[in-house]
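Peer 1: predicted structure and sequence below. I'll ask about it afterward.
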Amino acid sequence: MTKITTLQDNLPRLQRDHAWSGLLALSLIEQLNLEADLTDVFKTADEILNLRQIRDALKLATEAVNERLEDLNEVQYEHMIDNEMQSFNRKGQVLYLKQSVYARSTVGYDDEDLIEWLSDNGLGDLAKAKVNAQSFGAAVRELMKTENQDGSEEYDESKLPEGWDALLQVTRVGEVGIRKAGK
C-alpha cells in the first residue's frame, strides 16, 4: 500500500488551528473511505474525486461563513459606533473600530488625465507606464488623512485636490479589527 499524506493525517493540526473547519473536514472524511489501497488506479482516482468533493464543500462553507462575517461585521461596527466604543476585550481578543479606504481610478491607470492630475498634485512618482493600484490607493489615503487628538485617523475627501471626483472613486469600508489581547 502506497502511503501518502491525507487530510486525515492532518486532522490534529486542522482541529487545533481551525476548530470549525477541522470538524467539518472530519465530518466529511468520515462520510468517505479515505483509507483506500492506493496501489489500484481506480481507488486512487476515487480518493482524488472524494477529496475534490471535500474541497468543494469546504469552499462553499467558507463562502457562506464569509458572507455571514461580512453581515455581522457591519452590525457590530454600528453597535460599537452607537455605544461610542472604540475598542473592547472579549474572549482574549481586542475588537476595535478601524476604517479602510480604497481608491481606484475611474478612467484607467494609464489614462493621460490621471497621470497629469497625479503629476500636478505631487504624486507624479506613481505615474509610470501604468499607475500601481496599491500605491495609488495608499497615496490617496495619505492625502485624505487627518489625525485626531486621540491618535485615531479619519479620512476626508475635501482634502483631495480639485478635480479628483472626475478621476477617482473613493470607497469607505468600516471594519471591526481583531487582535490578541495583551496579558
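Peer 2: Received the coordinates, thanks.
Peer 1: in this protein, which helix has the most residues?
Peer 2: Determined from DSSP state H, the single longest helix within the chain is helix 41-82.
Peer 1: that one packs against which elements?
Peer 2: The helices and strands touching helix 41-82, judged by 3 or more C-beta pairs under 8 Å, 6 or more residues apart in numbering; DSSP states H and E, are helix 19-31, strand 93-105, strand 168-180. (Each C-beta comes from the backbone N, C-alpha and C, glycine too.)
Peer 1: tell me how far Val101 lies from Ser135.
Peer 2: For Val101, the distance to Ser135 (C-beta to C-beta, to the nearest Å) stands at 14 Å.
Peer 1: who's more crowded, those two?
Peer 2: For Val101 against Ser135, the residue with the higher neighbour count under other C-beta atoms under 10 Å is Val101, and the figures read 18 against 13.
Peer 1: touching, the more buried one and Glu142? I think so.
Peer 2: No. Checked against C-beta atoms under 8 Å, the pair Val101 and Glu142 is beyond contact range at 10.0 Å.
Peer 1: please list all residues in contact with the nearest residue to Val131 once chain neighbours are set aside.
Peer 2: Distance criterion C-beta to C-beta, 6 or more residues apart in numbering; nearest residue to Val131, sequence neighbours excluded, is Tyr109 at 3.9 Å. Neighbour list for Tyr109: 130-133, 136 [criterion: C-beta atoms under 8 Å, 6 or more residues apart in numbering].
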